[in-house]
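1. Build me a model:
(one chain, ligands or ions: 1)
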Amino acid sequence: MTPDDFSQLLEEARDEPAFSNSDEGIGWMDANCATCIHEKPTRQGREDQGCPLILVTLMGKRPIQFLDGPRDEHGRYSRAGHYHCIEYRHEDDGPTDPQPIPDPPGQLTLVPRDGYTGVRMWLRPNPATFPATPANAP
Ligand code: SF4
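-> Numbers count the residues shown, from 1 in each chain. Sure, this is the predicted structure:
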C-alpha cells in the first residue's frame, strides 16, 4: 500500500464514517498510527507521503482494512481497540511489502505463487495498550 493507492482505497471503502467524532478518531490514531510505518513520512514532515487510509477516514468513509477490534459482552470497545487495521506495521519491522523467500535457482516450482499472494494480516500494535475502559460507555 502506498499513497498512490488512495483512489482505489477510497472507492472500495465502506460508505460510513469510521469514527463518530474527531476525538474518537484522534484517540485511535494516537494508539495505532503513531508507530505505524505508513504514517512515518508524516511524522518526518512529509505529509503528502502519509497513510492513504487516514485520508480515506477524513473523507468520511471507513476503509475495509479496518476490522472491528475486541468488544465486550455489551458491544463496548476501548478507544485504542476500536479497529484493527490490517495494514498496520510497526515502523521498526522493516519493508512494508511482503518479502517471499525466492525460489531456489535451478529448481522447478511445485506450486506457482501467482494468485496466492494478497494482503498480509499483521499483529495489533500492542494489545496491552488497549485499556479496558470503553470509549462508548454510557
Ligand atoms: S496503515 Fe492503518 S495503522 Fe497504519 S497509519 Fe494507516 S490507518 Fe494507521
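2. what's the nearest residue to Leu10 if we skip its chain neighbours?
-> Val56 (5.3 Å; CB to CB, 6 or more residues apart in numbering). Heads up, the C-betas are built off the backbone N, CA and C, glycines and all.
3. Neighbours of the nearest residue to Pro3 once chain neighbours are set aside, how many?
-> Among residues not flanking Pro3 along the chain, Pro52 sits closest, at 5.2 Å (CB to CB, 6+ apart). Applying other CB atoms under 10 Å, we find 20 residues neighbouring Pro52.
4. Remind me which helix or strand the residue of the chain most remote from its centre belongs to.
-> Here the centre of the chain is the reference, and by CA atoms, centre = their mean the most remote residue is Gly106, at 37.9 Å. When elements are assigned from DSSP states H and E, Gly106 belongs to no helix and no strand.
5. quick one: pLDDT of it?
-> For Gly106, the pLDDT comes out at 80.
6. contacting residues around Lys40?
-> Glu91 (CB atoms under 8 Å, 6 or more residues apart in numbering).
7. how near is it to His90?
-> Lys40 is 10 Å from His90, where distance means CB to CB, to the nearest Å.
8. cool, Ile54 as well?
-> 17 Å.
9. And the two? Which one has more around it.
-> Ile54 (19 against 13).
10. Was I right to think that one contacts Cys36?
-> No: the criterion here is CB atoms under 8 Å, and Ile54 misses it with Cys36 at 9.5 Å.
11. about what we covered before: who are the contact partners of the residue nearest to Pro3?
-> Here Pro52 is in contact with 1-3, 5-6, 9 (CB under 8 Å, 6+ apart).
12. Just the buried residues out of those residues, in ChimeraX syntax.
-> In ChimeraX syntax, the buried subset of the contacts of Pro52 is picked out as below (16 or more other CB atoms under 10 Å):
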select :1,6,9
